[in-house]
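Q: Just the structure for this:
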Amino acid sequence: MIRLAVFLIVLLGGGPALAQSSHSLDLLTEANNPTIIPRYLLQDPNGRSITNEDFRGRFQLISFGYTYCPDVCPTTLVEMAEILKQLGDDAARLQPIFISVDPERDTGKILKTYTEFFDPRILGLTASPALVRRVADNFKIRYAKVREPGSDAGRYAVDHSAGMILLGPDGAFVKKFAFAMPVAEITLQIRNFIKNP
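A: Presented below is the predicted three-dimensional model:
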């Protein structure tokens, strides 16, 4: 955890450029992922089933990643926490969600500790590998394990799509925000959606 804290201090100085350099990422843009199906069935850190219907009446800001991620995921969650901060009272209308694409290692307890480090309002979700794959397919998220040749089965990275996805209070897809889009711009757009649903 100390290593993560030190990394975040460095990251806040120039994070997005560093984060982009270490992955071949599919950045979420309006052009390359036009048919998102905004449905999921996952579990919260306490093992309770959670679906997209549980947050009716609130916007959902969703990112996909994993807790062992060295750069992209910490960057995204720092940004998500900053968006909540900048939204002020309007943040009560938004549920931030981090979906793990590494269910083999990301237990509920690990996810809870990880997301709360950035902001206790960020909800970590995961499920069985099959359910996670179905959700990722619905949201047009690509991910795959990457192992060094000769490494043991438990030592791997996960190459995954980056960015954040906004769902509206009716659960419908609203907007995709590409990785490294300025936080102030994302916050402004989300605030406009909240004020004019």
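Q: now for stretch 165-183, what's the gap between its first and last residues?
A: Between the opening and closing residues of stretch 165-183 we find a distance of 14 Å, counting by C-alpha to C-alpha, to the nearest Å.
Q: three-state assignment of Leu111?
A: Look at Leu111: counting by DSSP: H, G, I helix; E, B strand; the rest coil, its state is helix.
Q: So Asp106 sits against Thr126, correct?
A: Yes - using C-beta atoms under 8 Å, Asp106 and Thr126 qualify as a contacting pair, with a distance of 5.4 Å. To be clear about C-beta, it is placed using only N, CA and C from the backbone, and glycine gets the same treatment.
Q: If you count surrounding residues, which of the two has more?
A: The residue with more neighbours, out of Asp106 and Thr126 and counting by other C-beta atoms under 10 Å, is Thr126; that gives 27 against 24.
Q: what about the helices in the chain?
A: With helices called from DSSP state H, the chain shows them at 2-21, 72-87, 108-118, 129-138, 183-195.
Q: Please name the residues that touch the most centrally placed residue in the chain.
A: For the chain, the residue lying nearest the average C-alpha position, counting by C-alpha atoms, centre = their mean, turns out to be Ser63 (1.9 Å). For Ser63, the set of contacting residues under the criterion of C-beta atoms under 8 Å, 6 or more residues apart in numbering consists of Cys73, Thr76, Leu77, Met80, Ile97, Phe98, Ile99, Ala162, Gly163, Met164, Ile165.
Q: Excluding covalently adjacent residues, which one is nearest to the third one?
A: Across the structure, with C-beta to C-beta, 6 or more residues apart in numbering as the measure, the residue nearest Leu77 apart from its sequence neighbours is Phe118 (4.1 Å).
Q: Who are the contact partners of that neighbour?
A: Phe118 makes contacts with Pro74, Leu77, Val78, Met80, Ala81, as judged by C-beta under 8 Å, 6+ apart.
Q: If we use 7 Å, what do you get?
A: If you count contacts by C-beta atoms under 7 Å, 6 or more residues apart in numbering, Phe118 has them with Leu77, Val78, Met80, Ala81.
Q: Also Tyr66?
A: Contacts for Tyr66 were tallied using C-beta under 7 Å, 6+ apart; they are Cys73, Ser100, Val101, Asp102, Asp106, Val158.
Q: again, only using 6 Å
A: The contact partners of Tyr66, taken as C-beta atoms under 6 Å, 6 or more residues apart in numbering, are Ser100, Val101, Asp102, Asp106, Val158.
Q: I'd assumed Phe179 was in contact with Ile186.
A: No - applying C-beta atoms under 6 Å as the test, Ile186 and Phe179 come out as separate, 11.0 Å apart.
Q: overlap in contacts of Asp106 and Thr126?
A: Taking C-beta under 6 Å, 6+ apart as the contact definition, Asp106 and Thr126 share the neighbouring residues Ser100.
Q: rewinding a little: make JSON lines out of the contacts of Tyr66 and add distance to Pro169 and pLDDT.
A: Listed next are the contacts of Tyr66 as JSON lines, based on distance: C-beta to C-beta, whole Å; pLDDT from 0 to 100:
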{"residue": "Ser100", "distance to Pro169": "25", "pLDDT": "96"}
{"residue": "Val101", "distance to Pro169": "26", "pLDDT": "95"}
{"residue": "Asp102", "distance to Pro169": "30", "pLDDT": "94"}
{"residue": "Asp106", "distance to Pro169": "28", "pLDDT": "95"}
{"residue": "Val158", "distance to Pro169": "31", "pLDDT": "88"}
